[in-house]
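Undergrad: predicted structure and sequence below. I'll ask about it afterward.
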Amino acid sequence: MRKLISFILVSFLLLITACSPKQESSTNESTGSNEGTSEVNVVLFSASVPKDLKIVEDEINKITKEKINVKIKLSPINIGAYVQQTNLMLSSNEKVDLMLVASFFGYTSQAAKGQLLPLDDLVDKYGPDIKKVMDEDYLNASKVGGKLYAVPTLRDMASASGILMRKDLVEKYNIDVSKVKTLDDLEKVLKTIKDNEKDLTPLVPSNPGQQPTMIYNWFDRLGDGLGVLPKYDNNLKVVNLYETDEYAEFVKKMRKWQNEGLLMKNPGTNTETGGNLVKSNVGFSYLSPLKPGIDSQESKNTQMPMVSASLGEPVSTTFGVTTMMWGIPQSSKIPKDAMKFLNLMYQDKELVNLLSWGIEGKHYEKVSETLVKYPEGVDATNNGYNLNMNFAMGNSFLSYIFEGNDPELWNQMDGFNKSAIKSKALGFNFDSSPVKTEVTAVTNVVNKYTIGLENGVLDPETELPKFIKELKAAGMDKIVAEKQKQLDDWAKTQK
């Protein structure tokens with residue numbers, strides 16, 4: 001899931017808000033074709049609209065009409081247009097009753113603008129199964145101004161900084177991945193590859209335009225990364241990351257690695273993911289957030305066996321928890337029905353698997369009680385229902401696991417979540433509107449310097465001081481002060 005999130009994050013650095021013609025809203029009394037049965041319009045993103053969407057929708061409605069007397073209309077939007085289209089829908093009060101929202105889709109701004117409905121009372125009355133399975137800290141992480149505006153999906157609620165490497169070369173050079181725990185440890189591995197595999201770049205970017213500290217980090221980003229919380233605590237004191245000793249040491253090390261040939265020489269012009277660079281025999285490794293099942297996931301992406309090493313402990317932050325949530329727009333006329341359906345997504349295994357995989361025997365078949373695969377003659381290219389988005393369908397732990405993954409994946413994920421350090425600021429959401437002008441200016445400066453500094457292309461001895469000076473001129477100190485003020489106010493409301 002976090003590889004998809006990285007792609008979305010790179011694609012949508014700026015959120016677009018606009019207007020479109022208003023559509024007729026529905027009512028509680030009659031919104032579906034059957035009298036007395038409401039129709040909940042569910043908006044989500046996808047790579048494409050599955051050709052079998054309607055027949056899956058019909059099967060879903062057999063469940064929902066019987067259990068909650070509600071019909072569901074699934075309205076997928078191409079992922080590349082999701083931010084723009086949903087902002088249009090929200091601003092023009094289109095009929096949307098339930099929609100995927102996320103920290104990187106502008107969730108905090110949507111809540112602050114009143115575009116999303118407060119869900120506290122609705123969850124209390126109609127969401128018992130949500131409250132039953134969701135850790136209270138995770139549920140509270142989506143609160144803005146003390147109110148709940150979205151419900152996180154249950155999935156990987158934490159991540160650990162790490163590295164993914166070609167398993168064949170790890171075995172060839174007897175690399176003990178259990179001993180790769182720091183950047184210094186990793187450097188030894190990269191040098192081994194550099195010395196023996198002349199045609200490979202030891203460490204390639206994870207994504208186009210990569211800022212490595214988006215993946216390898218020792219701090220809570222507190223949303224936008226403009227003002228962070230070192231070591232996920234720091235007594236709740238916000239600092240400018242780029243002024244810290246740790247950042248200076250990191251970019252100096254990246255400069256050293258660049259000079260030694262351990263990194264890609266022109267990362268600014270790279271247009272490929274780390275997985276594709278490995279698959280095409282350009283790279284040996286790339287940084288990645290880690291979670292249970294990541295080795296199998298990335299082995300499929302690269303089409304060769306991959307193995308991971310952890311460079312940090314698993315951590316839960318507000319940004320991570322809020323990367324996939326469901327919200328109810330303020331314009332919905334049937335919020336109770338929307339919440340009833342949302343609650344069912346955290347409780348009903350048959351529903352979750354219909355949403356995730358489609359119809360058994362047509363879109364998937366069981367290998368065991370937990371594992372599924374494509375039916376004979378069906379693959380990812382011709383499957384009529386290929387959303388592959390179980391991470392977004394409420395309680396993903398209810399979904400089947402695709403063949404090739406560990407049958408115990410969800411038990412492992414549950415243990416991973418429970419073992420994670422919780423940031424001291426878990427639950428804090430920054431409202432950047434008081435400093436929106438400064439955020440725009442500072443973001444431009446960050447984009448100007450970080451790719452070069454963090455990939456060793458720019459010399460930190462000369463460029464880091466320039467970077468810090470330009471950040472201050474653009475208003476970084478004002479952003480940090482505003483974030484500190486909001487964090488202090490939030491801390492006073494905590495137990």
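TA: Looks like it came in fine.
Undergrad: going by C-alpha atoms from here, please, whenever you check contacts or count neighbours.
TA: Noted.
Undergrad: next up, the contacts around the nearest residue to S419 once chain neighbours are set aside.
TA: In space, and not counting its chain neighbours, S419 is closest to P314: 7.3 Å by Cα to Cα, 6 or more residues apart in numbering. Neighbour list for P314: 158-161, 416-417, 419-421 [criterion: Cα atoms under 8 Å, 6 or more residues apart in numbering].
Undergrad: before we move on, what about P152?
TA: Going by Cα under 8 Å, 6+ apart, the list of residues near P152 reads 138-139, 142, 321-326, 394.
Undergrad: go on, V435?
TA: V435 sits in contact with 478-479, 482, where contact means Cα under 8 Å, 6+ apart.
Undergrad: repeat the analysis, applying 7 Å as the threshold.
TA: Counting by Cα atoms under 7 Å, 6 or more residues apart in numbering, V435 touches I479.
Undergrad: in three-state terms, label it for me.
TA: Counting by DSSP: H, G, I helix; E, B strand; the rest coil, the backbone at V435 sits in helix.
Undergrad: gap between it and G293?
TA: Distance from V435 to G293, counting by Cα to Cα, to the nearest Å: 40 Å.
Undergrad: next one: H363
TA: 23 Å.
Undergrad: between the two, which one's more packed in?
TA: H363 (23 against 16; other Cα atoms under 10 Å).
Undergrad: got the confidence number for that one?
TA: With respect to pLDDT, H363 scores 97.
Undergrad: my guess is it contacts N382. True?
TA: No - counting by Cα atoms under 7 Å, H363 does not reach N382; the two are 9.6 Å apart.
Undergrad: burial measure for P407, as a count.
TA: P407 has 17 nearby residues by other Cα under 10 Å.
Undergrad: what residues does it make contact with?
TA: P407 touches 370-371, 401, counting by Cα under 7 Å, 6+ apart.
Undergrad: one more time with 6 Å
TA: Contacts for P407 (Cα atoms under 6 Å, 6 or more residues apart in numbering) come out as none.
Undergrad: so it, which state does it fall into?
TA: coil.
Undergrad: so where's the protein shaky on pLDDT?
TA: Filtered on pLDDT under 70, the chain yields the residue ranges 1-35, 495.
Undergrad: let me know whether A158 touches V315 as I believe.
TA: Yes - under the criterion of Cα atoms under 6 Å, A158 makes contact with V315 at 5.1 Å.
Undergrad: could you dump the contacts of P152 to a markdown table with neighbour count?
TA: Formatted as a markdown table, these follow (neighbours: other Cα atoms under 10 Å):
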| residue | neighbour count |
| --- | --- |
| Y138 | 23 |
| L139 | 21 |
| S142 | 29 |
| V321 | 28 |
| T322 | 27 |
| T323 | 22 |
| M324 | 26 |
| M325 | 23 |
| W326 | 24 |
| G394 | 27 |
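Undergrad: neighbours around W490, how many?
TA: 18.
Undergrad: excluding sequence neighbours, find me the nearest residue to it.
TA: Nearest to W490 is F428, by Cα to Cα, 6+ apart, at 6.7 Å.
Undergrad: and the one you found, helix, strand or coil?
TA: coil.
Undergrad: give me phi/psi at it?
TA: Backbone torsions of F428, given as degrees, to the nearest 10, read phi -90, psi 130.
Undergrad: if we can go back for a sec, and the furthest pair within the contacts of P152?
TA: S142 and G394 (14.7 Å; Cα to Cα).
Undergrad: out of the contacts of P314, which is nearest to M99?
TA: Closest to M99, out of all of the contacts of P314 and judged by Cα to Cα, is A158, at 22.7 Å.
Undergrad: contacts only, for the closest one.
TA: Counting by Cα under 6 Å, 6+ apart, A158 makes contact with 314-316, 417.
Undergrad: excluding chain neighbours, what is closest to it?
TA: S316 (4.4 Å).
Undergrad: and that neighbour, how far from S280?
TA: S316 is 34 Å from S280, by Cα to Cα.
Undergrad: how about V96?
TA: From V96 to S280 the distance is 42 Å (Cα to Cα).
Undergrad: with neighbour numbers in mind, choose between these two.
TA: V96 (24 against 11).
Undergrad: please name the bridge partners of the closest residue to the more buried one other than its chain neighbours.
TA: Closest residue to V96 apart from its sequence neighbours, by Cα to Cα, 6+ apart: N41 at 5.4 Å. Beta-bridge partners for N41, by DSSP bridges, are K73.
Undergrad: N41: what's it in contact with?
TA: By Cα under 6 Å, 6+ apart, the residues touching N41 are 73, 96-97.
Undergrad: now with 7 Å, please.
TA: 72-75, 96-98.
Undergrad: could you do I401 as well?
TA: For I401, the contacting residues are 370-372, 407, by Cα under 7 Å, 6+ apart.
Undergrad: could you dump those into CSV and include distance to K51 and secondary structure?
TA: What follows is the contacts of I401, written out as CSV (distance: Cα to Cα, whole Å; DSSP: H, G, I helix; E, B strand; the rest coil):
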residue, distance to K51, secondary structure
T370, 26, coil
L371, 24, strand
V372, 21, strand
P407, 29, coil
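Undergrad: closest one to V251 out of these, please.
TA: Of the contacts of I401, the one sitting nearest to V251 (Cα to Cα) turns out to be P407, at 40.3 Å.
Undergrad: state the distance from the closest one to S280.
TA: 30 Å.
Undergrad: in the stretch 51-200 of the chain, which spans are helices?
TA: 53-68, 82-91, 107-112, 120-126, 128-133, 136-140, 167-172, 183-196 (DSSP state H, counting those that start in this stretch).
Undergrad: equivalent analysis for the stretch 301-450 of the chain, please.
TA: Under DSSP H, counting those that start in this stretch, the stretch 301-450 of the chain gives helices at 318-321, 335-344, 349-357, 409-419, 436-454.
Undergrad: output these in JSON lines, with distance to L119 appended to each entry.
TA: Below are these laid out as JSON lines (distance: least, Cα to Cα, whole Å):
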{"stretch": "helix 318-321", "distance to L119": "17"}
{"stretch": "helix 335-344", "distance to L119": "9"}
{"stretch": "helix 349-357", "distance to L119": "22"}
{"stretch": "helix 409-419", "distance to L119": "24"}
{"stretch": "helix 436-454", "distance to L119": "27"}
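Undergrad: picking up where we left off before, got the contacts of N41 as a markdown table, with distance to V251 columns?
TA: Shown next, in a markdown table, are the contacts of N41 (distance: Cα to Cα, whole Å):
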| residue | distance to V251 |
| --- | --- |
| I72 | 50 |
| K73 | 49 |
| L74 | 46 |
| S75 | 44 |
| V96 | 45 |
| D97 | 46 |
| L98 | 43 |
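Undergrad: got a ChimeraX select line for the buried ones in those residues?
TA: Applying 16 or more other Cα atoms under 10 Å to these, the buried members can be selected in ChimeraX as follows:
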select :72,73,74,96,97,98
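Undergrad: which one of the contacts of N41 is nearest W357?
TA: L74 (14.3 Å).
Undergrad: spatially, what comes nearest to that closest one if we skip its sequence neighbours?
TA: That would be V42: by Cα to Cα, 6+ apart, it lies 5.0 Å from L74.
Undergrad: re earlier: do you know how far the residue nearest to S419 is from A248?
TA: For P314 relative to A248 (Cα to Cα), the value is 24 Å.
Undergrad: repeat for G227
TA: G227 is 16 Å from A248, by Cα to Cα.
Undergrad: who's more crowded, these two?
TA: Neighbour count, other Cα under 10 Å: between G227 and A248, G227 has more, with 25 against 18.
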